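In: Predicted model follows, preceded by the sequence.
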Amino acid sequence: MKPKNQLQIEDLMVDYVVSHRRVKYPRLEIKTDVLYIILPDGYDCAQKLISKNKKWIYNKISRVKQSQMESKTRKLNLKRTDVEFKDMIKEMVDSYSEKLDVKVSQIRFRRMKSRWGSCSSNGNLNFNLYLKFLPVNLIQYIVFHELSHLIEMSHNKQFWNIISGGFPDYKELEDELYIYWLKVKEHVGI
């Protein structure tokens, strides 16, 4: 990885990395609390991109830093075994698949570095083994979320309508999942 630079936006110090790639358009990405500026080869206007997107950068980094602080107050469930966790997931899948009237082909478990779960159009569900550290209500939400993809694969309005039918507080749950993601990453070292 290239060395990090720093910039100040209002009261925030932001670490950032500039990289040139074979891409058509410049873009900004934030991974945890580092801003990545990805530029097409030969494009050297990183400062212009930063200036144009200062408010967005500030809002995103502020949210990350707030979530990092909140993650320090969360507790992980370190007692739940893999067997207990897998049994719990299977029970939830059975219950929610009946409610949503969807058919599941397979359920798999693995350690994932960037998501809590996934769903294929064939009805295969993958769940992150690190979910076992989370409170039950967040695990229920993830299971419902992935099963909802068997009705609507995209994260579009129809999908979020399905989600809000089962979890009207899904926005708060999404925020909480991000906070727990930071806590889990710290715990397992990813």
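Out: Received it, and whenever you're ready, just let me know what you need. Residues are numbered from 1 along each chain as shown.
In: Could you use CA atoms for every contact and neighbour count after this?
Out: Noted.
In: How about the contacts made by the residue nearest the centre of the chain?
Out: Closest to where the C-alpha atoms of the chain average out (Cα atoms, centre = their mean) is residue 115, at 5.4 Å. Residue 115 makes contacts with residue 128, as judged by Cα atoms under 8 Å, 6 or more residues apart in numbering.
In: There's contact between residue 14 and residue 61 in this structure, I believe.
Out: Yes. With contact defined as Cα atoms under 8 Å, residue 14 counts as touching residue 61 (7.5 Å).
In: residues shared between the contacts of those two?
Out: 33-34.
In: out of the two, which sits in the more crowded spot?
Out: Comparing residue 14 with residue 61 by other Cα atoms under 10 Å, the one with more neighbours is residue 61, at 23 against 18.
In: tell me which element that one falls in.
Out: Using DSSP states H and E, residue 61 sits within helix 54-71.
In: Next: residue 93.
Out: Assigned by DSSP H and E, residue 93 belongs to helix 82-100.
In: I'd like the next helix or strand past that helix.
Out: Counting by DSSP H and E, what follows helix 82-100 is strand 106-110.
In: what about that next one, average pLDDT?
Out: For strand 106-110, mean pLDDT is 97.
In: can you list contacts of the helix or strand that it is followed by?
Out: Remark: after strand 106-110, the chain's next helix or strand is strand 117-119, criterion DSSP H and E. By Cα under 8 Å, 6+ apart, the list of residues contacting strand 117-119 from outside reads 125-128, 142, 146-147, 149-150.
In: Over to stretch 145-154?
Out: Stretch 145-154 is contacted from outside by 93, 96-97, 100, 102-103, 117-121, 123, 125, 158-159, 162-163, using Cα under 8 Å, 6+ apart.
In: let's go with 6 Å and repeat that
Out: For stretch 145-154, the surrounding residues in contact (Cα atoms under 6 Å, 6 or more residues apart in numbering) are 119, 159.
In: residues of it that come out buried?
Out: 145-152 (16 or more other Cα atoms under 10 Å).
In: before we move on, what about stretch 86-99?
Out: Using 16+ other Cα under 10 Å as the test for burial, stretch 86-99 gives 86, 88-89, 92-93, 96-97.
In: Model confidence score at residue 139, please.
Out: Note for residue 139: predicted pLDDT of 98.
In: any idea how far the closest residue to it other than its chain neighbours is from residue 88?
Out: Spatially, and ignoring its direct neighbours in sequence, residue 139 is nearest to residue 131 (6.6 Å; Cα to Cα, 6 or more residues apart in numbering). Relative to residue 88, residue 131 is positioned 11 Å away (Cα to Cα, to the nearest Å).
In: ok, of the contacts of strand 117-119, which one's closest to residue 25?
Out: Residue 25 lies nearest to residue 149 out of these, by Cα to Cα, at 30.2 Å.
In: and residue 135, how many neighbours does it have?
Out: Applying other Cα under 10 Å, we find 15 residues neighbouring residue 135.
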